[in-house]
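In: My questions concern the predicted model and sequence given below.
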Amino acid sequence: MELDKAHSHFPELIALAEVDSTNKELLRRLGPETPEFFAVTAASQLGGLGRLSRNWVTEPGKSMALSMLLRPKTSAAANWITIMAGLALRQVVVDLGVAASIKWPNDILVDGRKLAGILAELSGPNAVILGMGLNLQTQQGAPETATSLSELGAEVSMDHLISLVATAIKSYWELLNENPTEAIARFQTELATACSTLGTEVRAELPGGRNLYGVARAIDAEGRLVIECPEPVALAAADVWHLRN
Ligand code: BT5
(Lines give C-alpha, C1' and ligand atoms only; values in the text may rest on other atoms or scores of the structure.)
Protein backbone atom coordinates (compact mmCIF):
# COMPACT_ATOMS: atom_id res chain seq x y z
CA MET A 1 0.00 0.00 0.00
CA GLU A 2 1.22 3.47 -0.93
CA LEU A 3 0.96 5.44 2.33
CA ASP A 4 3.36 8.35 1.89
CA LYS A 5 1.10 11.04 3.36
CA ALA A 6 -0.44 8.85 6.06
CA HIS A 7 2.90 8.14 7.77
CA SER A 8 3.46 11.82 8.50
CA HIS A 9 0.41 11.95 10.80
CA PHE A 10 1.64 9.45 13.38
CA PRO A 11 4.76 9.07 15.55
CA GLU A 12 4.88 5.61 13.97
CA LEU A 13 2.47 3.89 11.59
CA ILE A 14 3.03 0.15 11.17
CA ALA A 15 1.65 -0.73 7.73
CA LEU A 16 1.13 -4.43 7.08
CA ALA A 17 -0.10 -6.34 4.04
CA GLU A 18 -2.02 -8.79 6.22
CA VAL A 19 -2.76 -9.28 9.90
CA ASP A 20 -5.33 -11.03 12.07
CA SER A 21 -6.60 -7.76 13.55
CA THR A 22 -4.94 -4.35 13.72
CA ASN A 23 -6.29 -3.91 17.28
CA LYS A 24 -4.64 -7.19 18.31
CA GLU A 25 -1.39 -6.26 16.56
CA LEU A 26 -1.29 -2.92 18.36
CA LEU A 27 -1.89 -4.68 21.67
CA ARG A 28 1.02 -7.08 20.97
CA ARG A 29 3.31 -4.10 20.33
CA LEU A 30 2.02 -2.01 23.23
CA GLY A 31 4.41 -1.07 26.04
CA PRO A 32 4.32 1.49 28.84
CA GLU A 33 6.32 3.97 26.72
CA THR A 34 4.34 3.55 23.51
CA PRO A 35 3.39 7.07 22.45
CA GLU A 36 -0.10 8.32 21.88
CA PHE A 37 -1.18 7.93 18.21
CA PHE A 38 1.16 5.00 17.65
CA ALA A 39 -0.81 3.27 14.90
CA VAL A 40 -1.23 0.04 12.95
CA THR A 41 -2.92 -0.41 9.59
CA ALA A 42 -3.24 -3.41 7.29
CA ALA A 43 -4.45 -3.93 3.74
CA SER A 44 -6.20 -7.11 4.83
CA GLN A 45 -7.45 -8.52 8.14
CA LEU A 46 -8.00 -12.26 8.47
CA GLY A 47 -9.77 -11.96 11.81
CA GLY A 48 -10.98 -8.37 11.96
CA LEU A 49 -12.93 -7.82 15.17
CA GLY A 50 -16.28 -6.21 15.80
CA ARG A 51 -17.83 -5.83 19.25
CA LEU A 52 -18.64 -8.97 21.26
CA SER A 53 -16.13 -10.95 19.15
CA ARG A 54 -18.17 -10.40 16.00
CA ASN A 55 -16.40 -10.45 12.66
CA TRP A 56 -15.31 -7.39 10.69
CA VAL A 57 -14.55 -7.97 6.99
CA THR A 58 -11.42 -6.32 5.53
CA GLU A 59 -10.55 -7.62 2.05
CA PRO A 60 -7.17 -6.61 0.52
CA GLY A 61 -7.07 -2.85 -0.07
CA LYS A 62 -10.86 -2.46 -0.02
CA SER A 63 -11.49 -1.25 3.51
CA MET A 64 -9.44 0.93 5.85
CA ALA A 65 -8.38 -0.93 8.99
CA LEU A 66 -6.70 1.51 11.34
CA SER A 67 -5.90 1.20 15.04
CA MET A 68 -4.28 3.88 17.12
CA LEU A 69 -3.30 4.29 20.75
CA LEU A 70 -5.01 6.95 22.83
CA ARG A 71 -3.98 7.84 26.35
CA PRO A 72 -7.00 9.32 28.15
CA LYS A 73 -6.22 11.62 31.06
CA THR A 74 -9.68 11.37 32.63
CA SER A 75 -12.47 8.81 32.79
CA ALA A 76 -14.72 11.39 31.09
CA ALA A 77 -12.43 11.36 28.06
CA ALA A 78 -12.23 7.55 28.11
CA ASN A 79 -16.03 7.20 28.25
CA TRP A 80 -16.47 9.28 25.11
CA ILE A 81 -13.83 7.73 22.83
CA THR A 82 -16.22 5.69 20.70
CA ILE A 83 -18.63 8.57 20.17
CA MET A 84 -15.77 11.01 19.58
CA ALA A 85 -14.40 8.68 16.88
CA GLY A 86 -17.88 8.42 15.36
CA LEU A 87 -18.14 12.20 15.13
CA ALA A 88 -14.67 12.43 13.57
CA LEU A 89 -15.30 9.65 11.03
CA ARG A 90 -18.68 11.07 10.12
CA GLN A 91 -17.11 14.49 9.53
CA VAL A 92 -14.52 12.95 7.20
CA VAL A 93 -17.25 11.15 5.25
CA VAL A 94 -19.49 14.23 5.08
CA ASP A 95 -16.54 16.28 3.79
CA LEU A 96 -16.18 13.67 1.03
CA GLY A 97 -19.76 14.48 0.02
CA VAL A 98 -21.55 11.53 1.66
CA ALA A 99 -24.49 12.23 4.00
CA ALA A 100 -23.68 9.84 6.83
CA SER A 101 -25.05 9.55 10.34
CA ILE A 102 -24.00 7.90 13.59
CA LYS A 103 -25.98 4.99 14.97
CA TRP A 104 -25.19 4.91 18.68
CA PRO A 105 -22.72 3.79 19.79
CA ASN A 106 -20.31 2.81 17.04
CA ASP A 107 -21.72 2.66 13.51
CA ILE A 108 -21.52 5.11 10.63
CA LEU A 109 -24.57 4.57 8.45
CA VAL A 110 -25.67 5.87 5.07
CA ASP A 111 -29.34 5.25 4.28
CA GLY A 112 -29.40 2.53 6.91
CA ARG A 113 -26.34 0.71 5.51
CA LYS A 114 -23.08 0.42 7.41
CA LEU A 115 -20.09 2.28 6.02
CA ALA A 116 -17.83 2.19 9.07
CA GLY A 117 -17.52 0.66 12.52
CA ILE A 118 -15.51 1.46 15.63
CA LEU A 119 -14.03 -0.80 18.28
CA ALA A 120 -12.36 0.93 21.26
CA GLU A 121 -10.67 -1.44 23.71
CA LEU A 122 -9.32 -0.50 27.12
CA SER A 123 -5.81 -1.92 27.47
CA GLY A 124 -4.57 -0.45 30.71
CA PRO A 125 -5.18 2.46 33.07
CA ASN A 126 -4.41 5.06 30.43
CA ALA A 127 -4.30 3.11 27.21
CA VAL A 128 -7.18 2.68 24.80
CA ILE A 129 -6.79 1.04 21.42
CA LEU A 130 -9.12 2.80 19.02
CA GLY A 131 -9.84 0.65 15.97
CA MET A 132 -11.74 1.92 12.96
CA GLY A 133 -12.92 0.14 9.84
CA LEU A 134 -14.22 2.19 6.89
CA ASN A 135 -15.12 0.64 3.55
CA LEU A 136 -13.59 2.18 0.43
CA GLN A 137 -14.95 -0.36 -2.04
CA THR A 138 -17.51 -3.14 -2.28
CA GLN A 139 -16.32 -6.34 -0.61
CA GLN A 140 -17.57 -9.75 -1.70
CA GLY A 141 -17.51 -11.07 1.85
CA ALA A 142 -19.22 -8.14 3.58
CA PRO A 143 -22.86 -8.44 4.64
CA GLU A 144 -25.63 -7.04 2.41
CA THR A 145 -26.16 -4.31 4.98
CA ALA A 146 -22.69 -2.88 4.19
CA THR A 147 -21.92 0.01 1.89
CA SER A 148 -18.71 1.69 0.73
CA LEU A 149 -17.43 5.13 -0.25
CA SER A 150 -17.08 4.07 -3.87
CA GLU A 151 -20.68 2.77 -4.00
CA LEU A 152 -21.70 6.20 -2.69
CA GLY A 153 -19.75 8.04 -5.38
CA ALA A 154 -16.72 9.04 -3.29
CA GLU A 155 -13.42 7.78 -4.68
CA VAL A 156 -10.49 8.24 -2.34
CA SER A 157 -7.11 6.56 -1.91
CA MET A 158 -6.23 4.69 1.29
CA ASP A 159 -3.35 7.12 1.83
CA HIS A 160 -5.61 10.15 1.63
CA LEU A 161 -8.36 8.56 3.73
CA ILE A 162 -5.99 7.62 6.56
CA SER A 163 -4.59 11.16 6.49
CA LEU A 164 -8.08 12.65 6.72
CA VAL A 165 -9.08 10.30 9.55
CA ALA A 166 -5.87 11.01 11.49
CA THR A 167 -6.37 14.76 11.21
CA ALA A 168 -10.01 14.59 12.30
CA ILE A 169 -9.38 12.23 15.23
CA LYS A 170 -6.50 14.35 16.49
CA SER A 171 -8.56 17.52 16.51
CA TYR A 172 -11.55 15.92 18.27
CA TRP A 173 -9.32 14.02 20.69
CA GLU A 174 -7.23 17.03 21.63
CA LEU A 175 -10.37 18.87 22.70
CA LEU A 176 -11.82 15.86 24.56
CA ASN A 177 -8.63 14.92 26.38
CA GLU A 178 -7.64 18.47 27.32
CA ASN A 179 -11.06 19.91 28.11
CA PRO A 180 -13.65 17.15 28.52
CA THR A 181 -16.42 19.34 29.92
CA GLU A 182 -16.35 21.73 26.98
CA ALA A 183 -15.84 18.87 24.51
CA ILE A 184 -18.80 16.87 25.80
CA ALA A 185 -21.09 19.91 25.61
CA ARG A 186 -19.96 20.51 22.02
CA PHE A 187 -20.28 16.84 21.09
CA GLN A 188 -23.81 16.71 22.50
CA THR A 189 -24.81 19.67 20.32
CA GLU A 190 -23.20 18.08 17.27
CA LEU A 191 -24.89 14.74 17.99
CA ALA A 192 -28.32 16.36 17.80
CA THR A 193 -27.87 16.47 14.01
CA ALA A 194 -25.19 13.79 13.52
CA CYS A 195 -26.79 10.90 15.43
CA SER A 196 -29.76 9.31 13.67
CA THR A 197 -30.55 7.23 16.78
CA LEU A 198 -31.80 10.34 18.63
CA GLY A 199 -35.54 10.90 18.25
CA THR A 200 -35.95 7.39 16.85
CA GLU A 201 -38.03 4.53 18.21
CA VAL A 202 -35.53 1.79 18.98
CA ARG A 203 -35.12 -1.72 20.20
CA ALA A 204 -32.07 -2.02 22.43
CA GLU A 205 -30.69 -5.45 23.15
CA LEU A 206 -28.82 -5.36 26.45
CA PRO A 207 -25.65 -7.39 27.11
CA GLY A 208 -27.66 -10.10 28.92
CA GLY A 209 -30.02 -10.46 25.93
CA ARG A 210 -33.00 -8.52 27.38
CA ASN A 211 -34.76 -6.13 24.98
CA LEU A 212 -35.88 -2.60 25.77
CA TYR A 213 -38.24 -0.66 23.49
CA GLY A 214 -38.58 3.12 23.55
CA VAL A 215 -37.64 6.42 21.98
CA ALA A 216 -33.96 7.40 22.12
CA ARG A 217 -33.92 10.90 23.58
CA ALA A 218 -30.37 11.89 24.51
CA ILE A 219 -26.77 10.97 25.04
CA ASP A 220 -25.90 11.82 28.62
CA ALA A 221 -22.67 13.23 30.09
CA GLU A 222 -21.20 9.72 30.32
CA GLY A 223 -21.92 8.95 26.68
CA ARG A 224 -24.84 6.66 27.57
CA LEU A 225 -27.94 6.46 25.41
CA VAL A 226 -31.05 7.59 27.25
CA ILE A 227 -34.21 5.78 26.13
CA GLU A 228 -37.73 6.71 27.23
CA CYS A 229 -39.42 3.42 28.06
CA PRO A 230 -41.41 5.61 29.05
CA GLU A 231 -39.24 6.19 32.17
CA PRO A 232 -35.77 7.27 31.08
CA VAL A 233 -33.19 4.46 31.12
CA ALA A 234 -29.49 5.19 30.45
CA LEU A 235 -27.62 2.46 28.56
CA ALA A 236 -23.84 2.21 28.65
CA ALA A 237 -23.71 -0.72 26.22
CA ALA A 238 -26.31 -2.25 23.92
CA ASP A 239 -27.05 -3.23 20.33
CA VAL A 240 -29.57 -0.81 18.95
CA TRP A 241 -32.04 -1.24 16.11
CA HIS A 242 -33.79 1.78 14.65
CA LEU A 243 -37.49 0.93 14.31
CA ARG A 244 -38.94 4.22 12.99
CA ASN A 245 -38.72 7.96 13.56
C1 BT5 B 1 -18.06 -2.89 14.70
O2 BT5 B 1 -18.56 -3.92 15.45
O3 BT5 B 1 -18.70 -2.25 13.90
C4 BT5 B 1 -16.60 -2.59 14.97
C5 BT5 B 1 -15.75 -2.73 13.74
C6 BT5 B 1 -14.32 -2.32 14.01
C7 BT5 B 1 -13.41 -2.74 12.91
C8 BT5 B 1 -12.02 -2.18 13.08
S9 BT5 B 1 -11.03 -2.45 11.68
C10 BT5 B 1 -9.64 -1.92 12.53
C11 BT5 B 1 -9.73 -2.50 13.94
N12 BT5 B 1 -9.17 -3.83 14.01
C13 BT5 B 1 -10.11 -4.75 14.31
O14 BT5 B 1 -9.90 -5.98 14.44
N15 BT5 B 1 -11.31 -4.13 14.45
C16 BT5 B 1 -11.21 -2.71 14.27
P17 BT5 B 1 -20.10 -4.36 15.53
O18 BT5 B 1 -20.96 -3.19 15.88
O19 BT5 B 1 -20.10 -5.53 16.42
O20 BT5 B 1 -20.47 -4.76 14.06
C21 BT5 B 1 -20.05 -5.98 13.51
C22 BT5 B 1 -21.05 -6.33 12.40
O23 BT5 B 1 -20.86 -5.47 11.26
C24 BT5 B 1 -20.86 -7.74 11.84
O25 BT5 B 1 -21.54 -8.68 12.64
C26 BT5 B 1 -21.45 -7.61 10.44
O27 BT5 B 1 -22.86 -7.71 10.49
C28 BT5 B 1 -21.13 -6.18 10.05
N29 BT5 B 1 -19.91 -6.08 9.21
C30 BT5 B 1 -18.81 -6.86 9.19
N31 BT5 B 1 -17.90 -6.40 8.35
C32 BT5 B 1 -18.43 -5.28 7.79
C33 BT5 B 1 -17.95 -4.33 6.85
N34 BT5 B 1 -16.73 -4.40 6.33
N35 BT5 B 1 -18.79 -3.31 6.54
C36 BT5 B 1 -20.01 -3.19 7.08
N37 BT5 B 1 -20.50 -4.05 7.96
C38 BT5 B 1 -19.72 -5.08 8.33
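Out: Cool, the structure landed.
In: give me the beta-bridge partners of the closest residue to the ligand within the chain?
Out: Per CB to the nearest ligand atom, Gly117 is where the chain lies closest to the ligand, at 2.1 Å. In short, each C-beta sits where N, CA and C put it, glycine included. Beta bridges link Gly117 to Asp107, Gly133, judged by DSSP bridges.
In: so who does it touch?
Out: Shown in contact with Gly117 (CB atoms under 8 Å, 6 or more residues apart in numbering): Gly50, Trp56, Asn106, Asp107, Ile108, Met132, Gly133.
In: pLDDT value on it, please?
Out: Note for Gly117: predicted pLDDT of 98.
In: cool, the one 3 residues further on as well?
Out: For Ala120, the model assigns a pLDDT of 97.
In: burial measure for it, as a count.
Out: Residue neighbour count, defined by other CB atoms under 10 Å, stands at 23 for Ala120.
In: Pro105 now?
Out: Count around Pro105 with other CB under 10 Å applied: 23.
In: ok, it - contacts?
Out: Thr82, Ile83, Gly86, Gly223, Leu225, Ala237, Val240.
In: Give me the pLDDT for the fourth one.
Out: What that stands for is Gly223. Reading off the model, Gly223 has pLDDT 93.
In: Tell me how the chain divides into domains.
Out: 4-194, 201-242 (automatic domain parsing).
In: you'd agree Tyr172 is up against Arg90?
Out: No: using CB atoms under 8 Å, Tyr172 is not in contact with Arg90, being 10.5 Å away.
In: what's near enough to touch Thr82?
Out: Going by CB under 8 Å, 6+ apart, Thr82 touches Pro105, Asn106, Ile118, Ala120, Gly223.
In: and it, how far is that from Ala216?
Out: Note on Thr82: its distance to Ala216, by CB to CB, to the nearest Å, is 16 Å.
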